[in-house]
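Undergrad: Build me a model:
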Amino acid sequence: MPTDPVKAALDATTYQLTQCVKGMPESAMDARATPDGMTPRDMLEHLCECYEAYMAICDGKQWNWGSYKAPDRATAPLVETWKATRQKAVSRCLGSDDAQARENAMHYIALHDAYHVGQLCLIRLAAQPEWDAHSIYRE
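TA: Predicted coordinates:
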């Protein structure tokens, strides 16, 4: 049976984001690639908002962008919130056979996450030049 492309994309970005934040130096969590860019801490909170928006949209609701606030922005709790919120959204997608929900998952989760993977890699390499950026890919 062919691989489900939506599941493959979600799995790949899960792995990549996890590799980006695993072991990221605390000093990098508040660093920016550009003066107006997001920090990794900001990105994790922002990604949680995107996952929450995805689930609201699946429920036929409008999302009030900018309304999400992580319960705790300290690194360890924020990473746990990000993982749990993402898993909930991914499970919602993979448990659905609704074509629109699956397409929206590509936009709000997989493709958007991939965009932030590049930013996280750049910030991580600036803070930790010895970090292996190829570690975001499975062998």
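Undergrad: what bits of this structure have low per-residue confidence?
TA: Within the chain, the segments meeting pLDDT under 70 span 1-2.
Undergrad: need the strands for it, in chain order.
TA: Secondary structure of the chain (DSSP state E): no strands present.
Undergrad: buried sites along stretch 17-36?
TA: 17, 19-21, 24, 28-29, 31, 33 (16 or more other CB atoms under 10 Å). Every residue, glycine included, has its C-beta placed from N, CA and C.
Undergrad: repeat for stretch 129-139
TA: Result for stretch 129-139 [16+ other CB under 10 Å]: buried residues 131, 136.
Undergrad: Using CSV, write out the CA atom coordinates for it.
TA: Extracted C-alpha coordinates of stretch 129-139, given in CSV (Å, rounded to 0.1, in the frame of the first residue of the first chain):
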residue,chain,number,x,y,z
PRO,A,129,28.0,26.1,15.3
GLU,A,130,29.0,22.5,16.0
TRP,A,131,25.4,21.3,15.9
ASP,A,132,24.8,18.9,13.0
ALA,A,133,22.0,20.5,10.9
HIS,A,134,21.7,17.3,9.0
SER,A,135,20.4,15.6,12.2
ILE,A,136,16.9,16.9,11.2
TYR,A,137,16.8,14.1,8.5
ARG,A,138,16.2,10.5,9.4
GLU,A,139,19.0,8.2,8.2
